[in-house]
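Novice: From the sequence below, what's the structure:
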Amino acid sequence: MNLSQKAYITHIAYELPEHVVENEKGRLRRKTGIVHRHVCAVDETASDLAVRAAEKLFADGVQRDGVDYVIFCTQSPDYPLPPTACILQDRLHLSKHVGATDMDLGCSGYEYALGLAKGLIESEQVKTVLILTGETYSKYIHPEDNTVVPLFGDAATATLVEGLDADVSGIQGMTYGTDGSGFRNLIVPIGGMRQRWQDTPVEEIVDKYGNKRTNQNLYMNGSAIMNFALEVVPPCVENILQKTGVAKDEVDYYVFHQANHFMLQYLQQKCDLLDANYWNDVKDYGNTVSNSIPIAIHDMMCANPDKDLHHVMLIGFGVGLSWSGCMVDLRRCHTAL
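Specialist: Take a look at the predicted model:
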């Protein structure tokens, strides 16, 4: 048997802000399934949450000097530049020999980061990659825009991907997709170089239901995002199955981006997964963007401590528009609390 370094998820943890908001009872709460959301403080950033998530891994036995590379997946960076990953290297007291890079992706970002980690490890550039995700979408949202306020929560996660001697990789079937023609369906219009803060007048938009936002706030075309997900996720499932040679009923768990209960339920039907082990739990978090899948992995593993998680399918989709997915082997993964 020819053993070589293969990428495996070995440790995972997450961190939530202390402040919890409860959504109002009613039709929207019943439909989305979101009861509580964690919202960061005014002076709290995604990197603050990411530091606390990473420290949970170190407290659980992960060695700081064993980290070779840091990926920080966020759309809520501390600054336009430098990369927040570089700041995290210093705050986490990691070696100055580590690589560090930001990844500006949202709900599909975790799988993109896993793909990058796999490539770095299996090409023998590094042995360990620390993937951090962190989002504070609450800072982008207008407080009177009920199209998005009840949906999004803040969070951060930490995942260690290690190179282990094995004949088969613990991350397989990487699948990616992009449709940039839909970029306006999920966007913060002002703040980049296309429309700079200092050059663009603030405009208030009020929809027919009285929801308010400005061009400085997050805008989401919910129906367009729903249609997009229904279009791209089912073929993504089939693509991963084909690449890995795993049958649909051999997948131990399906973990998709935890957008909301209704969308997840609809996707389960559309993908013909009604009899499958399928994670759908947004009640206490809401949509945490790039954090949603690692949080779901952690909670799913804690809820199924004796289950053999050999084949777990992950699929993320959202801002870009973009999507990504893979099959992971979680039998060597440890959850840090």
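
Novice: contacts, neighbours, all on C-alpha from now
Specialist: Fine.

Novice: Assign the nearest residue to residue 216 once chain neighbours are set aside to helix, strand or coil.
Specialist: Spatial nearest neighbour of residue 216, chain neighbours left out: residue 190 (5.2 Å); criterion: CA to CA, 6 or more residues apart in numbering. Of the three states, residue 190 takes coil according to DSSP: H, G, I helix; E, B strand; the rest coil.

Novice: roughly how far apart are residue 190 and residue 55?
Specialist: 34 Å (CA to CA, to the nearest Å).

Novice: what's the pLDDT at the residue nearest to residue 216?
Specialist: pLDDT recorded at residue 190 is 94.

Novice: Wait, it touches residue 198, no?
Specialist: No. Taking contacts as CA atoms under 8 Å, residue 190 lies outside contact range of residue 198: 9.6 Å.

Novice: rewinding a little: any chance of the backbone angles for the residue nearest to residue 216?
Specialist: phi -100, psi 140 (degrees, to the nearest 10).

Novice: Can you give me every residue that contacts the most centrally placed residue in the chain?
Specialist: The structure's the chain has its C-alpha centroid closest to residue 290; by CA atoms, centre = their mean the separation is 2.0 Å. Applying CA atoms under 8 Å, 6 or more residues apart in numbering, we find residue 290 in contact with 73, 74, 105, 106, 107, 108, 109, 110, 133, 134, 135.

Novice: Wasn't it part of a strand?
Specialist: No. Residue 290: not assigned to a strand; according to three-state DSSP it is helix.

Novice: how much space between it and residue 70?
Specialist: Between residue 290 and residue 70 the computed distance is 16 Å (CA to CA).

Novice: Just the ones of the contacts of residue 290 in strands?
Specialist: Judged by DSSP state E, those include 73, 133, 134, 135 as members of strands.

Novice: Report the two of those residues separated the most.
Specialist: Distance extremes for the ones in strands among the contacts of residue 290: the farthest pair is 73 and 135 at 8.5 Å, using CA to CA.

Novice: sorry, back to before: just the buried ones from the contacts of residue 290, in PyMOL syntax?
Specialist: Selection of buried members from these for PyMOL, criterion 16 or more other CA atoms under 10 Å:
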select buried, resi 73+74+105+106+107+108+109+110+133+134+135
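
Novice: can you redo the contacts of residue 290 as CSV with distance to residue 315?
Specialist: Below are the contacts of residue 290 laid out as CSV (distance: CA to CA, whole Å):
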residue, distance to residue 315
73, 16
74, 17
105, 14
106, 12
107, 9
108, 7
109, 10
110, 9
133, 16
134, 18
135, 18
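
Novice: ok, of the contacts of residue 290, which one's closest to residue 194?
Specialist: residue 105 (18.1 Å).

Novice: just the helices in the stretch 201-337 of the chain please.
Specialist: 222-244, 261-270, 292-303 (DSSP state H, counting those that start in this stretch).

Novice: how far out from the middle of the chain is the first one?
Specialist: Pointing back at helix 222-244 there. Centre-to-centre, helix 222-244 and its host chain are 16 Å apart (CA atoms, centre = their mean, to the nearest Å).

Novice: Okay then, goodbye and thanks.
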